[in-house]
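[1] Model the following, please.
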Amino acid sequence: MNKLKIYFIGAGKMATALARGMAKAVGTDSIAAFDKSAEAAKAFAEQTGTTGTFSLEDADLVVLAVKPQHLSGATAGREEALKNKLVVSILAGVRLEQLREKTGSARIVRVMPNISAMIGAGVAGVIRTDAVSDAEFAAVETLLAATGIYECFSDENLFDVVTALSGSGPAFVFEFIKALADGAVTAGMPQAQALRLAAATVAGAAQMVGGGEDPSLLRNQVMSPGGTTAEGIRELEKHGFRSAVIEAIIATARKSRELGNK
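    Purely as a prediction, here's the structure:
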């Protein structure tokens with residue numbers, strides 16, 4: 001594992017987040033990156049501490065980390081080098097068959113990570129082609145474990161849902177935390193305190209659910225008849241809170257599907 005050389009094509013924020021975790025597993029000199037933006041490439045090196053200087057041809061594993069619409073440009077002229085590589089793609093909506101066509105490689109692992117990988121708390125979905133060996137997949141799993149947790153899938157259609165839930169989900173949670181804090185500020189609390197309390201409240205609640213507790217049962221433990229929480233829940237339901245969240249996931253999954261069909 002320590003000898004594995006990882007080459008990123010694309011050095012944006014998500015690539016940086018993953019590389020920071022992966023460097024813990026393989027070492028900073030085992031990761032190199034290319035980006036058409038010199039500024040992005042410089043920021044990647046500075047924020048990840050990676051020092052690899054090897055070329056695409058010398059890599060063992062290639063991570064495609066460009067925007068989906070830039071896939072053709074990123075692979076053009078590199079097909080000969082890519083066709084014999086283990087390729088990991090983090091492109092939203094781009095399916096395994098499309099990746100095979102663009103890279104020429106049969107050994108592809110598709111990953112949908114999220115931004116929390118930046119702090120080692122990432123959540124990723126993973127699927128592989130049949131050509132990826134168990135040993136190769138185990139290496140990818142080790143890399144992902146260094147960035148957070150992951151779930152393996154056998155049905156690629158579910159990847160659009162993964163994109164919506166854990167890929168875009170942090171943005172929805174950030175919006176919720178900001179709304180909680182804004183409500184507290186409106187009620188008179190200083191903003192800094194409101195943000196700290198809102199973030200810690202969400203983190204604590206998430207930890208309880210992550211431990212296996214049923215969120216509906218937990219909610220009922222907080223909500224007593226005729227109490228303050230019941231009044232707040234009533235207001236959320238009055239404004240369609242649950243429906244809005246459900247529709248956001250459905251709409252995001254639909255957008256991911258549309259990207260894959262382009």
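[2] got the residue ranges for the strands in the stretch 101-250 of the chain?
    Taking DSSP state E, counting those that start in this stretch, the strands of the stretch 101-250 of the chain run over residues 108-112, 122-128, 148-152.
[3] Figure out which of these is closest to residue 70.
    With CB to CB as the measure, strand 108-112 is the member of those nearest residue 70 (16.8 Å). No exception for glycine: its C-beta is placed from N, CA and C like everyone else's.
[4] Touching, residue 129 and residue 95? I think so.
    No: the pair residue 129 / residue 95 is not scored as a contact, 10.8 Å apart, by CB atoms under 8 Å.
[5] Could you measure from the closest residue to residue 25 other than its chain neighbours over to residue 243?
    Distances taken as CB to CB, 6 or more residues apart in numbering put residue 146 closest to residue 25, at 4.3 Å, once the chain neighbours are dropped. Noted for residue 146: a distance of 38 Å to residue 243, by CB to CB, to the nearest Å.
[6] how about the strands of the stretch 101-250 of the chain in JSON lines, adding distance to residue 203?
    Shown next, in JSON lines, are these (distance: least, CB to CB, whole Å):
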{"stretch": "strand 108-112", "distance to residue 203": "22"}
{"stretch": "strand 122-128", "distance to residue 203": "14"}
{"stretch": "strand 148-152", "distance to residue 203": "15"}
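[7] closest to residue 73 out of those?
    Comparing the strands of the stretch 101-250 of the chain against residue 73 with CB to CB, the closest turns out to be strand 108-112 (18.6 Å).
[8] Which strands and helices lie in contact with the closest one?
    When contacts are defined as 3 or more CB pairs under 8 Å, 6 or more residues apart in numbering; DSSP states H and E, strand 108-112 sits against strand 86-89, helix 96-103, strand 122-128, helix 134-145, helix 159-162.
[9] Run the chain-centre distance for the third one.
    Here strand 122-128 is found 8 Å from its chain centre; the criterion is CA atoms, centre = their mean, to the nearest Å.
[10] Likewise for the last one?
    In this view, helix 159-162 has its centroid 11 Å away from the chain centroid, taken as CA atoms, centre = their mean.
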